[in-house]
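**Q** What follows is a predicted structure for the sequence shown.
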Amino acid sequence: MKHHIIGAEQFVEEEGQGAPVILLHGFPLDHRMWASQVQALAANYRVITPDLRGMGQSDVPVTNISINQYADDILTLMDKMDIQKAALGGFSMGGYVAFALLRKAPSRFTSLILANTRPEADGAEARKNRMNMAVSLYDKGAAAAKDAMLPKLLTEQTRKDQPGLVESLSLVMESMAAEGLVHASLAMAFREDATDLLSTISVPTLVIAGEHDAIAPPDVMKKMADQISGSSFQVIPAASHLTPMENPEAFNALLIEFLKNATA
């Protein structure tokens, strides 16, 4: 299903009924990364998985955008779908959007799931890497993002053991509009630091790390969790960055248990 967003079309998938749960995907992916979570939750929740602007089936922006703009898109979507409050989950870049949402409209979110994400802004070196990624996307198309990200998303063992997962992930990443990923790269490069926000988060929060994640390492995420009052910190063993797809059983078990308690 599609919902109209100011100045662009935003695609969103909706499954199930019950208390709303909004899950925000990472880079260079789309709502399909959450398929296993949607399946696990749809019996008891209204699960909403949007494609961020410029990714998946959502329209590519014509002018540059910020992480705040992605957050505004989600708030507009909530209004259009008549969702007053929701549980909010963000993976990686989706976590950066979740931080922006908690700055803008903290009262609209009942609980928070932060998966494989980090609160610090990019330093000069990281920004430079994102600029290089943007150039490389213009040179090689979406394959540039796939080639850079695939080895970081899954452990070497998983890439060996699950060729089907590697194949479907590759297809998702290669289906992206290169310029949409350029926009995302620039938005992430100049995102706001969210460290000062952490102590203000007052809703139940689940922080999920992957044991072998080099992008958002467990020690960085543990430090983040320690600054969110009453949060629960969990590490998924034998997983790298893309925990929801690499070990969906463990991820879903944590998610179901957390939401059950948070919505009780």
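**A** Arrived safely, thanks for sending.

**Q** I'd like the distance between residue 59 and residue 17.
**A** Here residue 59 is placed at a distance of 28 Å from residue 17 (C-beta to C-beta, to the nearest Å). Glycine gets a C-beta too; all of them are placed from N, C-alpha and C.

**Q** Determine the number of other residues adjacent to the closest residue to residue 108 other than its chain neighbours.
**A** Leaving aside its chain neighbours, residue 108 sits nearest to residue 85 (5.4 Å; criterion: C-beta to C-beta, 6 or more residues apart in numbering). When neighbours are defined as other C-beta atoms under 10 Å, residue 85 has 15 of them.

**Q** if I read this right, residue 85 contacts residue 111, doesn't it?
**A** No - here residue 85 lies out of contact with residue 111, judged by C-beta atoms under 8 Å, at a distance of 9.8 Å.

**Q** so where's the protein shaky on pLDDT?
**A** Along the chain, segments meeting pLDDT under 70 span 1-7.

**Q** Which residues in stretch 135-155 does the neighbour count mark as buried?
**A** Neighbour counts using 16 or more other C-beta atoms under 10 Å place 136-137, 141-146, 148-150, 153-155 of stretch 135-155 among the buried residues.

**Q** Repeat that for stretch 187-197.
**A** Under the neighbour-count criterion of 16+ other C-beta under 10 Å, stretch 187-197 has 187, 188, 189, 191, 192, 194, 197 buried.

**Q** Could you look up the SS state of the fifth one?
**A** Of the three states, residue 192 takes coil according to DSSP: H, G, I helix; E, B strand; the rest coil.

**Q** wait, isn't it in contact with residue 122?
**A** No - under the criterion of C-beta under 8 Å, residue 192 makes no contact with residue 122, lying 10.6 Å away.

**Q** Mind telling me what element residue 103 is part of?
**A** Using DSSP states H and E, residue 103 maps to helix 93-104.

**Q** which residues in the chain form helices?
**A** Applying DSSP state H to the chain gives helices spanning 35-41, 67-80, 93-104, 124-140, 143-153, 156-161, 163-174, 178-189, 218-226, 243-246, 248-263.

**Q** what about the ones you listed, which gets the closest to residue 48?
**A** helix 67-80 (7.8 Å; C-beta to C-beta).

**Q** Please state the offset of the closest one from the chain centre?
**A** Distance of helix 67-80 from the chain centroid (C-alpha atoms, centre = their mean, to the nearest Å) equals 14 Å.
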